[in-house]
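>>> Below are the sequence and a predicted model for it; my questions follow.
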Amino acid sequence: MNLALHEKRYVIIGNGVAGTTAAETLRKNDPTCSIHLLTNEPYPLYNRVSLPRFLQGVITEQKVMIRDLAWHEQRNIQLVTETMVTGVYTDEHIVVTDTASMFPTMRCWWPVVVGPIPCVFLAHREPATFTTL
Ligand SMILES: Cc1cc2nc3c(=O)[nH]c(=O)nc-3n(C[C@H](O)[C@H](O)[C@H](O)COP(=O)(O)OP(=O)(O)OC[C@H]3O[C@@H](n4cnc5c(N)ncnc54)[C@H](O)[C@@H]3O)c2cc1C
């Protein structure tokens, strides 16, 4: 990724309805910004409310899933699964995760807490680290 091409780069922690909607809204308002959506879960957005009926075998997995990988790709939203954010250090502009499964450069955004924070992912080893350029 070329940093110079992305003035605004965002990391959103959590891909539930809040995080996924935040990503979607960001993209609608800025076609060029970089968006990374981090989740410790292995799935794109699914309907939590439907889980009991799914576990009971009443409905299929297809009925539970709200978004798929293609939805993210079409909007150029980088969905990063199975990645637990273990620390957000706003003063240092660092986000730490438990996995080094990716190494993009980005801004960090925790939608329910703070605005954009410039960050760049540094570590290729555990723990993964996002820090300021
Ligand atoms: C069985 C069930 C039934 C429900 N029924 C109703 C209902 O009838 N009506 C209603 O209004 N609400 C209901 N809810 C609640 C509703 O689903 C939640 O209010 C809604 O999902 C909240 O969305 P969210 O995006 O804020 O959080 P979540 O859906 O909790 O999503 C947060 C995501 O962030 C991830 N995450 C958290 N911390 C980290 C981290 N440190 N690093 C990486 N990823 C992280 C989590 O794994 C999760 O995927 C129900 C929930 C459940 C489980």
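Yep, it's here.
>>> residues in contact with stretch 37-54?
With C-beta atoms under 8 Å, 6 or more residues apart in numbering as the test, stretch 37-54 has contacts from 11-17, 19-20, 23, 59-61, 63-69, 71-72, 77-85, 97. C-beta coordinates here come from the backbone N, C-alpha and C atoms, glycine included.
>>> and the ligand, which of these contact it?
Contacts with the ligand within the contacts of stretch 37-54, counted by C-beta under 6 Å from any ligand atom: 13-17, 19, 84-85.
>>> Out of those residues, which two sit at the greatest distance?
17 and 84 (19.3 Å; C-beta to C-beta).
>>> all helices of the protein, in order?
If you assign secondary structure with DSSP state H, the helices in the chain sit at 17-29, 51-55, 61-64, 69-74.
>>> Export those helices to CSV and append columns for mean neighbour count and mean pLDDT.
Listed next are the helices of the chain as CSV, based on neighbours: other C-beta atoms under 10 Å; pLDDT from 0 to 100:
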stretch, mean neighbour count, mean pLDDT
helix 17-29, 16, 93
helix 51-55, 13, 97
helix 61-64, 12, 97
helix 69-74, 13, 98
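>>> before we move on, back to that, looking at the ones next to the ligand among the contacts of stretch 37-54, state which has the most neighbours.
Most neighbours among these, by other C-beta atoms under 10 Å: residue 15, with 25 neighbours.
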